[in-house]
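Engineer: My questions concern the predicted model and sequence given below.
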Amino acid sequence: MDLLAAFLLLFVLALAALYVARPFATRLRSVRGVDQALSTLLAERDRVLTALQELDFDNTLGKIPAGDYPAQREMLVQRGAAILRLLDERSGADRKPAARTPAPASTDDDLEDLIAKRRSARREKTGGFCPQCGKPVLLSDRFCPKCGHSLK
């Protein structure tokens with residue numbers, strides 16, 4: 001009986017170890033393929049953007065000769081554009097054309113309109129000041145928001 005219990009315990013421990021180790025094995029396989037190429041492109045894009053910022057900053061400080069700046073900037077811009085094209089091609093292959101999202105600008109405009117309406121409605125509803133502490137109150141307030149004095 002003790003031998004059977006030991007084998008059962010080892011079997012359960014082996015199953016638990018496999019269950020715990022499985023996510024680590026699958027994650028390593030998925031990172032190696034496409035994600036590595038995408039990560040490389042994103043890192044290169046960041047390097048080019050940083051180099052452009054440093055070049056512009058050095059130009060404003062006068063560290064770079066005036067004749068060298070346009071050529072270096074053009075080279076970095078072309079390399080950055082090539083990287084962005086590759087990223088667009090890669091993201092275009094990953095996404096389906098029918099799955100496009102609507103432009104968020106219209107949503108932002110609607111939200112800004114709602115906020116403006118709320119602010120104007122709130123300004124119109126001022127009900128004066130609290131007789132006890134002098135804090136401004138709204139018409140809809142029953143109690144002062146600062147001191148708690150009954151307004152009605």
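Structural biologist: Received the coordinates, thanks.

Engineer: which residues does Lys152 contact?
Structural biologist: Taking CB atoms under 8 Å, 6 or more residues apart in numbering, we find Lys152 in contact with Arg142. Using the backbone N, CA and C atoms, a C-beta is placed for each residue, glycine as well.

Engineer: separation between it and Gly134?
Structural biologist: From Lys152 across to Gly134, the span is 18 Å (CB to CB, to the nearest Å).

Engineer: Ala116 too?
Structural biologist: Counting by CB to CB, the gap from Ala116 to Gly134 is 29 Å.

Engineer: Likewise for Lys146?
Structural biologist: Distance, Lys146 to Gly134, by CB to CB: 9 Å.

Engineer: same check, this time on Asn59
Structural biologist: Using CB to CB, one gets 57 Å for the distance from Asn59 to Gly134.

Engineer: what does Glu89 give?
Structural biologist: From Glu89 to Gly134 the distance is 65 Å (CB to CB).

Engineer: One more: Glu74?
Structural biologist: 64 Å.

Engineer: Could you list the buried residues of the helix or strand harbouring Asp109?
Structural biologist: Assigning secondary structure by DSSP states H and E places Asp109 in helix 104-124. Going by neighbour count (16 or more other CB atoms under 10 Å), nothing in helix 104-124 comes out as buried.

Engineer: Please list the residues outside that helix that contact it.
Structural biologist: Helix 104-124 is contacted from outside by Leu138, using CB under 8 Å, 6+ apart.
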